[in-house]
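Visitor: I need the structure of the sequence given here:
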Amino acid sequence: MDKLTFDQLPEAVSLLLNEVSELKTLLATISDQQTTPNDPEFITIKEACEILNVSTVTLWRYEKQGKVNVYGIGGRRLLKRDEVLDSLTLKK
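Guide: Prediction:
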């Protein structure tokens, strides 16, 4: 439909709405697939300290007490973001 007449407008709008609805459904499906946790998001010690609002010394103490897990990856010390957030709900 290159040029629409006024009489063709309702049909064109209806087709457009159907296509937008199909796109929304497709995007929702793709979004649901991408939110499944495949790989954890790792954060640095500094980022974890900011999230927990603690010093690096306190974070080190939490690690020694088993309240947070720190992973050595490629010579770096990283934490999983979801584990850090979960530690906020744990009783200290």
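Visitor: Which strands and helices lie in contact with the longest strand seen in the chain?
Guide: If you go by DSSP state E, the chain has its longest strand at strand 76-80. Helices and strands touching strand 76-80, by 3 or more C-beta pairs under 8 Å, 6 or more residues apart in numbering; DSSP states H and E, are strand 42-44, helix 45-52, strand 71-73. For every residue, glycine as well, the C-beta is placed using N, CA and C.
Visitor: And the first one, what does it pack against?
Guide: For strand 42-44, the elements it packs on are strand 76-80, helix 81-89, judged by 3+ C-beta pairs under 8 Å, 6+ apart.
Visitor: State the mean pLDDT of the last one.
Guide: Regarding helix 81-89, the rounded mean pLDDT is 87.
Visitor: Flag every buried residue along it.
Guide: 83-84, 87 (16 or more other C-beta atoms under 10 Å).
Visitor: got the angle for it vs strand 76-80?
Guide: Calculated by axes from the mean of the first three to the mean of the last three C-alpha atoms, to 10 degrees, helix 81-89 forms an angle of 60 degrees with strand 76-80.
Visitor: Could I get the helices and strands packed on strand 76-80 in TSV, plus columns for mean pLDDT, mean neighbour count and distance to residue 24?
Guide: TSV is the format used below for the helices and strands packed on strand 76-80 (pLDDT from 0 to 100; neighbours: other C-beta atoms under 10 Å; distance: least, C-beta to C-beta, whole Å):
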stretch	mean pLDDT	mean neighbour count	distance to residue 24
strand 42-44	94	15	33
helix 45-52	93	16	33
strand 71-73	90	10	38
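Visitor: Appreciated, that's everything.
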